[in-house]
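**Q** generate a structure from the sequence data that follows.
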Amino acid sequence: MESKTERIYRALEKDIMNINIHPGDMLSENSLCERFQVSRTPIRSVLQRLQGDGLVEIIPRRGTCVTRIRYNIVNQIIYLRIAVESAILRDFVSICGPQDLVQIHHYLSLMEEELNNRRAGNPPDPFYFYAADKAMHETWYRATQKTYLWEYIYSAKADYHRFCMLDMQNGANYEGVSQEHRALVQAVEEKNAAAIERVVRAHFEGGVRRLGDRVYTDLNDYFDADSLKI
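**A** Sure, this is the predicted structure:
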């Protein structure tokens, strides 16, 4: 059974990752104690854990601030993932079997389900959508025994993953990312190694393309100011 501390951590992590709690917002221990009906001890434990994830900064005598997204780090993670994932997918297409295809189609169907919710006028769940996205990518890392690389890349959630969430909410990314994943799955099914880097690059550069200059204008408050300097 999940402990109360773990439940609080998951709830706050989801709020921060979903941008329901905005980068730059201050978190009040008193308000969190009231929200979760607990003492300060578990709240402080959760905040320390979130600080370790890079999602908040505990500032002595001031409080706890949700960190802003570092755009320069986002761009470096994109650069890294294009290079690494292109190589991994080329390996994956050479060993991919029927069960692997069933698995990636399952995750694609979960993303399509959220996209259909959006088309029907129902609010999609970006956290659920992104969980299916993450699980699909994790499939080829695990199949090629590159789990260390996957864990290393996923540890950048404070910057890259929140950027993806921002893209979903502000860049109409549900349709875009679904199209990009369909292209990835098609390349895998056709064992088309030559197309891999092109579709991987289009996928990882999609968020930057969709948000464009908005990271410097109406969305700039979500980002660390120094990270936006060229």
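**Q** any figure for the gap between the closest residue in space to Ala132 that isn't next to it in sequence and Asn116?
**A** Leaving out its chain neighbours, the residue that sits closest to Ala132 by Cβ to Cβ, 6 or more residues apart in numbering is Leu110, at 3.8 Å. Just so you know, the C-beta spots here come from the backbone N, C-alpha and C atoms, and that holds for glycine as well. Leu110 sits 11 Å away from Asn116 when distances are taken as Cβ to Cβ, to the nearest Å.
**Q** check His203 too.
**A** 20 Å.
**Q** hang on, the earlier thing: Leu110 and Asn116 - which one has more neighbours?
**A** Remark: of Leu110 and Asn116, Leu110 carries more neighbours, 17 against 13, as counted by other Cβ atoms under 10 Å.
**Q** quick one: contacts for the more buried one?
**A** When contacts are counted by Cβ atoms under 8 Å, 6 or more residues apart in numbering, Leu110 touches 128-129, 132.
**Q** which residue, neighbours along the chain excluded, lies closest to Met10?
**A** For residue 10 the amino acid is Arg, not Met. Glu2 (7.7 Å).
**Q** how confident was the prediction at that neighbour?
**A** On pLDDT, Glu2 comes in at 72.
**Q** is it located within a helix, as I assumed?
**A** No: assessed with DSSP: H, G, I helix; E, B strand; the rest coil, Glu2 is coil; it does not lie in a helix.
**Q** where's it relative to Ile69, distance?
**A** According to Cβ to Cβ, Glu2 and Ile69 sit 28 Å apart.
**Q** of those two, which one has the most company?
**A** Using other Cβ under 10 Å as the criterion, Glu2 and Ile69 rank with Ile69 on top: 24 against 8.
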